[in-house]
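**Student:** okay, structure incoming, though there's no sequence with it:
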């Protein structure tokens, strides 16, 4: 009898625990908004540089949920930005160079295309041209990332609500002679090619496009100023202006961290990473006040094999030594590497980003943690 009672009690406890877990899962709050920040080419050493070289505490330090993603593309161990961003935007791996298309070249439905019919506002910001591989992968479908004029055609008819970056030349200086700036306006965009405005100036518009450079934006070190954090703040205000009616998704890319890696220029890389960290701060400030916003910070891949190494120095007798009191950024390649990439998350469901998973998991976790429907 005692044995039977023990079994009954054990079963009862198990059932109650399972029921509690189900109830807890059902009560878990869902995010209303998602802000995805991508520092192109940024691995752990690039992130670490902010902790050594930024004069204020890095915003990366504000995260409690941290995971790692595997970044290989469908056909290569080392991914490029197009395949990496397509994995984020569609939840599927593809070949290097592919923008919004599968390995068999068929179109993959992107986050922007999935969310627009659900009345979710969308925005894209980049310090590159807005037709560059990462932002393009959220609205375009081309066989290769170099098809900038074709990407621009997809941009004009896209459902994106807020744009900020470079890329005017792909809209105006085209082989087909078309003026796509005019077509952007026909399709509902207010277009500004001079400078970021204030929210009060643009809030009356339904769509806003800032195209502030012929090709890419200047580097921070060459006068870009606070474009990225300012555009992040403005984009959030614009997309959230009808908060009672809809949520929003925004992708923000610190494009030029990658370029510092490719050129093996540590100063360039670090200044761009610090600028990106400022944009992360704007997203986190909003998310902390809002309470309904999930912030995800990651990268498509690492570039340069970047390392924060001790500085090599020479003694009077000509022998060399490593000075552990001083750090120098060093590189092992001018290309990409296959290292795992960190993912930082804050907000409703952020703990789901802990662990190690494929880069496609970013896409799927977004739908798991919101009330948005994946209609692929």
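**Tutor:** That came through fine. Given the structure is predicted, the values throughout are model-derived calculations rather than measurements. Numbering: from 1, shown residues only.

**Student:** now stretch 119-138: how far from the chain's centre is it?
**Tutor:** Remark: stretch 119-138 is offset 9 Å from the chain centroid, using C-alpha atoms, centre = their mean, to the nearest Å.

**Student:** could you do stretch 346-357 as well?
**Tutor:** With C-alpha atoms, centre = their mean, you get 15 Å for stretch 346-357.

**Student:** who's in contact with it?
**Tutor:** For stretch 346-357, the external contacting residues (C-beta atoms under 8 Å, 6 or more residues apart in numbering) are 28-31, 62-70, 284, 287-288, 292-296, 340, 343-345, 365, 368-369. All C-beta spots, glycine's among them, are computed from the backbone N, C-alpha and C.

**Student:** please pick the buried ones from these.
**Tutor:** Among these, those classed as buried by 16 or more other C-beta atoms under 10 Å are 31, 62-63, 65, 67-69, 284, 287, 293-296, 343-345, 365, 369.

**Student:** after the longest strand along the chain, next one along is what?
**Tutor:** Ordering each strand of the chain by length in residues (DSSP state E) puts strand 320-330 first. Next helix or strand after strand 320-330 toward the C-terminus (DSSP states H and E): strand 336-337.

**Student:** adjacent strands (with direction) for that following strand?
**Tutor:** Partners of strand 336-337 in the sheet, by DSSP bridges, are strand 302-303 (antiparallel).

**Student:** which residues touch the strand it pairs with?
**Tutor:** Contact with strand 302-303 is made by 40-43, 45-46, 257-258, 261-262, 335-337, 339, 341, as judged by C-beta under 8 Å, 6+ apart.

**Student:** which one among these gets closest to residue 309?
**Tutor:** Comparing the contacts of strand 302-303 against residue 309 with C-beta to C-beta places residue 45 closest, at 9.4 Å.

**Student:** and the closest residue to that closest one other than its chain neighbours, how far is that from residue 329?
**Tutor:** Nearest in space to residue 45, with sequence neighbours left out and distances taken as C-beta to C-beta, 6 or more residues apart in numbering, is residue 306 at 4.6 Å. Residue 306 sits 6 Å away from residue 329, taking C-beta to C-beta, to the nearest Å as the criterion.

**Student:** follow-up on the earlier one: in strands, which of the buried ones among the contacts of stretch 346-357 appear?
**Tutor:** By the criterion of DSSP E, membership of those in strands covers 65, 67, 68, 69, 293, 294, 295, 296, 343, 344, 345.

**Student:** which two from the residues you listed end up farthest apart in space?
**Tutor:** The distance between the two most remote of these (C-beta to C-beta) is 23.0 Å, for 68 and 293.

**Student:** show me what the helix or strand hosting residue 82 is packed against.
**Tutor:** Assigned by DSSP H and E, residue 82 belongs to helix 81-90. Helix 81-90 sits against strand 33-39, helix 111-115, helix 133-136, helix 361-368, with contacts defined as 3 or more C-beta pairs under 8 Å, 6 or more residues apart in numbering; DSSP states H and E.

**Student:** list the contacts of the last one.
**Tutor:** The set of residues that contact helix 361-368 without belonging to it, under C-beta under 8 Å, 6+ apart, is 34, 36, 69, 87-91, 111, 249, 294, 296, 298, 343, 349, 352-353, 372-374.

**Student:** and the contacts of stretch 50-60?
**Tutor:** Contact partners of stretch 50-60, identified using C-beta under 8 Å, 6+ apart, comprise 47, 61, 270, 273-274, 277-278, 280-281, 284, 297, 308, 327, 344.

**Student:** give me the buried entries from these.
**Tutor:** Among the contacts of stretch 50-60, those buried by neighbour count (16+ other C-beta under 10 Å) are 47, 270, 273-274, 277-278, 280-281, 284, 297, 308, 327, 344.

**Student:** how about the strands in the stretch 51-200 of the chain?
**Tutor:** For the stretch 51-200 of the chain, the strands defined by DSSP state E, counting those that start in this stretch occupy 65-70, 121-129, 162-166, 189-192.

**Student:** now mean pLDDT and distance to residue 55 too, for those, in CSV please.
**Tutor:** Formatted as CSV, the strands of the stretch 51-200 of the chain follow (pLDDT from 0 to 100; distance: least, C-beta to C-beta, whole Å):
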stretch, mean pLDDT, distance to residue 55
strand 65-70, 98, 24
strand 121-129, 98, 21
strand 162-166, 98, 26
strand 189-192, 97, 32
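
**Student:** to residue 242, which of those strands lies closest?
**Tutor:** Ranking those by their distance to residue 242 (criterion: C-beta to C-beta) puts strand 121-129 first, at 7.5 Å.

**Student:** so where is the chain shaky, pLDDT-wise?
**Tutor:** Low-confidence segments of the chain, defined by pLDDT under 70, span residues 1-27.

**Student:** can you map out the helices along the stretch 101-250 of the chain?
**Tutor:** Applying DSSP state H, counting those that start in this stretch to the stretch 101-250 of the chain gives helices spanning 111-115, 133-136, 148-156, 169-172, 180-186, 199-202, 227-239.

**Student:** do you know which of those helices lies nearest residue 121?
**Tutor:** helix 227-239 (4.4 Å).

**Student:** and that closest one, what does it pack onto?
**Tutor:** The helices and strands touching helix 227-239, judged by 3+ C-beta pairs under 8 Å, 6+ apart, are strand 121-129, strand 162-166, helix 199-202, strand 248-254, helix 266-290.

**Student:** would you reformat these as JSON lines and include distance to residue 136?
**Tutor:** Formatted as JSON lines, these follow (distance: least, C-beta to C-beta, whole Å):
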{"stretch": "strand 121-129", "distance to residue 136": "9"}
{"stretch": "strand 162-166", "distance to residue 136": "11"}
{"stretch": "helix 199-202", "distance to residue 136": "23"}
{"stretch": "strand 248-254", "distance to residue 136": "11"}
{"stretch": "helix 266-290", "distance to residue 136": "19"}
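
**Student:** can you tell which of those is closest to residue 193?
**Tutor:** Residue 193 sits nearest to strand 162-166 of all the helices and strands packed on helix 227-239, at 10.1 Å, using C-beta to C-beta.
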